[in-house]
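>>> Please work out how this folds:
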Amino acid sequence: MIFMWGICVVLPVAILIKKMPFCRSRVLSHSFCLHQDMLRLVCGDVRVNSLYGLTAVILTKGLDSLTILLSYTMIIRAILNIVSQEAQAKAFSTCISHLSAVLIFYIPLIGLSIIHRFGKHLPPLTHTLLADAYLLVPPVLNPLVYSWKTKQIRRRILILLCRRRTQQQV
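Numbers count the residues shown, from 1 in each chain. Reported below is the predicted structural model:
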């Protein structure tokens, strides 16, 4: 089902972009191919492509976000029904790790979508840096989020942070 959803959203973008006449440089300003970045290279009417791209972003990110919000609402209600305080704390700990991982992915993605749609006045470097942050930040932070639950790793990170603070104060 999810696979088909992805195909139904992405395939029209490829078909619409293939029909466009490119008259400018074919060099993109990013490490990967963004739909909005491709539209900047087109010398024809891009209203249909732009409208579809905006609709796809709103539908996918909006539906995904609503589904995640609904899921977490149901999870939190279930956790609050747990009698044991210790079990509640453990469940909330797991829930926070998962929610952090989701936010680490979605915040740069939504920021990237907004900047590319409405930040045309910003310098190109801003677009490139945000696109690269979207590619790099989630994979770098994901292991940290999930390893934070391991007591030994958490203890070691706290020791390293405390040492740095002590060195900075001296």
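>>> all helices of this structure, in order?
Applying DSSP state H to the chain gives helices spanning 2-18, 35-39, 47-80, 85-118, 124-147, 151-169.
>>> Please report the distance of residue 34 from residue 112.
Residue 34 sits 8 Å away from residue 112 when distances are taken as C-beta to C-beta, to the nearest Å. (Glycine included, C-beta is placed from N, CA and C.)
>>> shared neighbours of the two, which are they?
residue 131 (C-beta atoms under 8 Å, 6 or more residues apart in numbering).
>>> ok, these two, which is more surrounded?
Using other C-beta atoms under 10 Å as the criterion, residue 34 and residue 112 rank with residue 112 on top: 22 against 19.
>>> sorry, back to before: is it possible to get CSV of the helices of the chain that adds mean pLDDT?
Converted to CSV, the helices of the chain look like this (pLDDT from 0 to 100):
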stretch, mean pLDDT
helix 2-18, 83
helix 35-39, 75
helix 47-80, 86
helix 85-118, 83
helix 124-147, 84
helix 151-169, 78
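>>> could those helices go into a markdown table alongside distance to residue 28?
What follows is the helices of the chain, written out as a markdown table (distance: least, C-beta to C-beta, whole Å):
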| stretch | distance to residue 28 |
| --- | --- |
| helix 2-18 | 12 |
| helix 35-39 | 5 |
| helix 47-80 | 15 |
| helix 85-118 | 12 |
| helix 124-147 | 10 |
| helix 151-169 | 37 |
